[in-house]
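Engineer: here is a sequence with its predicted model. Questions after.
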Amino acid sequence: MYEVTIERSFAASHGLRHYKGATEPTHEHEWRVWVTVSGKEVDASGCLVDFLDLDAAFQEAVAGWRGRHMNEEPPFETPESSPSAEQVARAVFETIQARMPTHARLTRVEVEEEPGCRAAWVSEA
């Protein structure tokens, strides 16, 4: 089984909603994100996925958040949602998954909002 991971980052602010009964004060992070793809086959060039294509999918996933207040951007703009690291990982996963080639499977998106504080969304299949 082949596995490919890219590590990227983006800056954005947020404040957790429903955190201990209130919304956290707005604060900014340099979010670090790891995107992992796996598969048993490579293409004619010997690659599971093109790093540039995977990066483009990542950039698309975070474009609406970069340099912005995530609480005001989809999918976190509603009062019921909260831009936690867990929910950011899931949202990135769902956007990238839609762009995956058929021979590769997005298996994990891990998000770090502070050094040593990570959350992940992992494929169930």
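Structural biologist: Nice, I can see it. Predicted, not measured: the structure shown is a model, and the values here were computed from it. Residues are numbered from 1 along each chain as shown.
Engineer: tell me the contacts of the residue positioned nearest the centre of the chain?
Structural biologist: Nearest to the geometric centre of the chain sits V92, at 3.2 Å (Cα atoms, centre = their mean). Going by Cβ atoms under 8 Å, 6 or more residues apart in numbering, V92 touches 33, 35, 58, 61-62, 109, 111, 121. Where you see a C-beta, it was placed from the backbone N, CA and C, and this is true even at glycine.
Engineer: try it again with 6 Å
Structural biologist: Neighbour list for V92: 61, 109 [criterion: Cβ atoms under 6 Å, 6 or more residues apart in numbering].
Engineer: rounded mean pLDDT for stretch 91-110, please.
Structural biologist: Over the span of stretch 91-110, the pLDDT mean works out to 95.
Engineer: can you pull the buried residues of that stretch?
Structural biologist: 91-93, 95-97, 100, 104-110 (16 or more other Cβ atoms under 10 Å).
Engineer: mind checking which of those residues land in strands?
Structural biologist: Using DSSP state E, the members of the buried residues of stretch 91-110 that fall in strands are 105-110.
Engineer: now the two most distant members of those.
Structural biologist: R105 and E110 (15.8 Å; Cβ to Cβ).
Engineer: in the protein, which residue sits furthest out from the middle?
Structural biologist: A44 (28.1 Å).
Engineer: quick one: that one from Q59, how far?
Structural biologist: 25 Å (Cβ to Cβ, to the nearest Å).
Engineer: returning to that earlier point: what is the nearest of the ones in strands among the buried residues of stretch 91-110 to E7?
Structural biologist: Nearest member of those to E7, counting by Cβ to Cβ, is E110, at 9.2 Å.
Engineer: which strand residues sit across from that closest one in the sheet?
Structural biologist: E110 has these beta-bridge partners by DSSP bridges: W34, A120.
Engineer: what of F10?
Structural biologist: So, taking DSSP bridges as the rule, F10 has W31 as bridge partners.
Engineer: touching, it and R66? I think so.
Structural biologist: Yes: taking contacts as Cβ atoms under 6 Å, F10 lies within contact range of R66: 4.7 Å.
Engineer: many thanks, have a good one.
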